[in-house]
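>>> This is a predicted model, with the sequence first.
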Amino acid sequence: MKAATLVKLQQAALDDACQLFYFDQSGFSASPPVQRGWSPVGEPHRVFPQPHCKRSVLGALDFGANLLKYQARNTTIKRPDVVQFLDQIARESTPGLTTVIVLDNASIHHNIDQEIIDRWFLEHRMVLFYLPPYSPELNLIEILWKHAKYHWRRFVTWTKDTIDAEIETLLGGYGTKFEIRFS
């Protein structure tokens, strides 16, 4: 039932009848994710892990415009960070259009004060749409995270000095340098 509703919401977003955002958070490590590797005989690995250099990223994929809004931080993401990011989306939403935010069931996505949810709806016409448990295939931003980490990312180790610029290049390039067509 939720999948059928999402199809209708996607069509409405393409018809400019609403704004539809797929929201989630992800983590980026300084070392590229290596699904398999090799090195010439007698030579050591060429990618060395930088375990203490990570960034957490909040992201919202605007389905209709096929644009990514994101915010990187060097701390673990907590519920207040989610609320602050969603509040920013609410304030930047198109006046007069309903904005639907699709979220998974991560614990930090729940238990947002009802007063805040009511304010988002009354002031910005923004509503939260929770996906069924264990259904990442319905959250399209998961596909974007996969492409960013495994296909678009340069295969180099980032350092504490370069990680922020690399994430900006990677995620800031969505819509121009990198793109996924969902329809």
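Looks like it arrived, so ask away.

>>> correct me, but Met126 touches Thr99?
Yes. Taking contacts as Cβ atoms under 8 Å, Met126 lies within contact range of Thr99: 4.2 Å. C-betas here are computed from N, CA, C, even on glycine.

>>> Give me the common contacts of those two.
With contacts defined as Cβ atoms under 8 Å, 6 or more residues apart in numbering, the residues shared by Met126 and Thr99 are Ile89, Ala90, Ser93.

>>> and Phe28, how many neighbours?
By other Cβ atoms under 10 Å, the residues close to Phe28 number 22.

>>> Correct me if wrong: it contacts Arg55.
Yes. The pair Phe28 / Arg55 is scored as a contact, 4.9 Å apart, by Cβ under 8 Å.

>>> Give the residues shared as contacts by those two.
What both Phe28 and Arg55 touch, as defined by Cβ under 8 Å, 6+ apart, is the set Ala72, Ile163, Ile167.

>>> Neighbour count added to these, as JSON lines?
Shown next, in JSON lines, are those (neighbours: other Cβ atoms under 10 Å):
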{"residue": "Ala72", "neighbour count": "16"}
{"residue": "Ile163", "neighbour count": "20"}
{"residue": "Ile167", "neighbour count": "18"}
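
>>> So which of these belong to strands?
Ala72 (DSSP state E).

>>> In CSV, list the shared contacts of Phe28 and Arg55 along with pLDDT.
Formatted as CSV, the shared contacts of Phe28 and Arg55 follow (pLDDT from 0 to 100):
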residue, pLDDT
Ala72, 93
Ile163, 84
Ile167, 86
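
>>> just the shared contacts of Phe28 and Arg55 now: which is nearest Phe121?
When the shared contacts of Phe28 and Arg55 are compared for distance to Phe121 (Cβ to Cβ), Ala72 wins out at 28.3 Å.

>>> For that closest one, list each beta-bridge partner.
Val57 (DSSP bridges).

>>> Can you name the residues that contact it?
Phe28, Arg55, Ser56, Val57, Asp164, Ile167, Glu168, Leu171.

>>> Rounded mean pLDDT for stretch 86-97, please.
On average, the pLDDT along stretch 86-97 is 94.

>>> ends of it, how far apart?
16 Å (Cα to Cα, to the nearest Å).

>>> Next, the buried residues of that stretch.
Neighbour-count burial for stretch 86-97 flags Leu86, Ile89, Ala90, Ser93, Leu97 (criterion: 16 or more other Cβ atoms under 10 Å).

>>> And the contacts of that stretch?
Under Cβ under 8 Å, 6+ apart, the answer for stretch 86-97 is 16-19, 21, 23, 60, 69, 71, 99, 101, 112, 116, 120, 123-126, 128.

>>> Which members of these occur in strands, if any?
Cys18, Gln19, Phe21, Phe23, Ala60, Lys69, Gln71, Thr99, Ile101, Met126, Leu128.

>>> ranking those by neighbours, who comes first?
Busiest of the ones in strands among the contacts of stretch 86-97 [other Cβ under 10 Å] is Phe21, holding 27 neighbours.

>>> Done for today, thanks.
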